[in-house]
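Undergrad: Prediction below, plus the sequence it came from.
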Amino acid sequence: MDLQYFVELFCGGLTRGSIYALIALGYTMVYGIIELINFAHGEIYMIGAFTALIVASALGIMGFPAAGIIVIAALAAVIWCAAYGYTIEKIAYRPLRGAPRLSPLISAIGVSIFLQNYVSLAQTSDFVAFPQLITDFEFLDPISHIIGTSDFLIIVTSLITMIALTLFIQYTKMGKAMRATAQNRKMAMLLGIDADRIISLTFIIGSSLAAIGGVLIANHVGQVNFFIGFIAGIKAFTAAVLGGIGSIPGAMVGGLVLGLCESFATGYISSAYEDALAFALLVLILIFRPAGILGKPKVQKV
């Protein structure tokens, strides 16, 4: 076995997995709070990429430096997608909170299709080039054949984001309120926690994470399209279930495991089988551990 080739595949898998993990966090946070699968979450990721493209193009015309452009574009994408997440929760999900569980699920699918067509008509259905704004890091020159600048940026940014989210959930007042709401929403409301506010905050945080993933992958691939959110959303949902839906550490682990499996499948078997292997892994995990890698089975009292 070629060790260098193995390391290249491993780093590529970490890059994929980091993006999947960022998106999967949004799925698992929303499910943990209100037990809803937000199938429009992948489209938020796509809108983040398009928002960064529009802002970056405008700032480039104005003559801003590349380093400033990528930072401002990322901030704009986070704010815009957070607003989208908040609005979607208010319009499409909150009115259906007391409805049968199938109703908000259908609403989520409808929002996903609406956002796809909206961006396709408002922008274009073709692939659009994303400007290369990040110059090569000199300290990566000795290993540039193994890990590129954009790969390094994705892995480091994702790691910092996940650590920050974990600290927020564990040690802040709002994080504790989110954990209480996820554990028992009615009891949390009796204790004075504004559950509606917590749910809105969950959508905002999840959408912001998806926006960061969209900006990172757009810069990495160099192009965006209105359909990129669908595939990424399905993969991230798979990662969330793989790690344990509702578990934040599980979403991180599931994303990394899925990314590594896809990378090794592409490198050692064929790129045609990467999706098949990923979903086969999911099936095996669900057969032998239905709650996921880090998920805990629910205990029903009788």
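TA: Yes, it's here.

Undergrad: hey, let's count contacts and neighbours off CA atoms from now on
TA: Noted.

Undergrad: Am I right that residue 33 is in contact with residue 180?
TA: No - using C-alpha atoms under 8 Å, residue 33 makes no contact with residue 180, being 9.1 Å away.

Undergrad: mean confidence for the longest helix seen in the chain?
TA: Under DSSP state H, the helix in the chain containing the largest number of residues is helix 3-34. Confidence over helix 3-34 (mean pLDDT, whole number) is 92.

Undergrad: Convert the helix or strand following it to PDB, retaining C-alpha atoms only.
TA: Where DSSP states H and E defines the elements, the next helix or strand beyond helix 3-34 is helix 41-61. Extracted in PDB, the C-alpha atoms of helix 41-61 (Å, rounded to 0.1, in the frame of the first residue of the first chain):
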ATOM      1  CA  HIS A  41     -31.300  22.800   5.400                       C
ATOM      2  CA  GLY A  42     -29.300  21.700   2.300                       C
ATOM      3  CA  GLU A  43     -30.700  24.700   0.400                       C
ATOM      4  CA  ILE A  44     -29.600  27.000   3.200                       C
ATOM      5  CA  TYR A  45     -26.100  25.700   2.500                       C
ATOM      6  CA  MET A  46     -26.500  26.400  -1.200                       C
ATOM      7  CA  ILE A  47     -27.800  30.000  -0.500                       C
ATOM      8  CA  GLY A  48     -24.800  30.600   1.700                       C
ATOM      9  CA  ALA A  49     -22.500  29.800  -1.300                       C
ATOM     10  CA  PHE A  50     -24.500  32.000  -3.700                       C
ATOM     11  CA  THR A  51     -24.600  34.900  -1.100                       C
ATOM     12  CA  ALA A  52     -20.800  34.700  -0.700                       C
ATOM     13  CA  LEU A  53     -20.400  34.700  -4.500                       C
ATOM     14  CA  ILE A  54     -22.600  37.800  -5.000                       C
ATOM     15  CA  VAL A  55     -20.800  39.700  -2.200                       C
ATOM     16  CA  ALA A  56     -17.400  38.600  -3.300                       C
ATOM     17  CA  SER A  57     -18.100  39.700  -6.900                       C
ATOM     18  CA  ALA A  58     -19.300  43.100  -5.800                       C
ATOM     19  CA  LEU A  59     -16.400  43.700  -3.500                       C
ATOM     20  CA  GLY A  60     -14.000  42.600  -6.200                       C
ATOM     21  CA  ILE A  61     -15.300  45.200  -8.600                       C
END
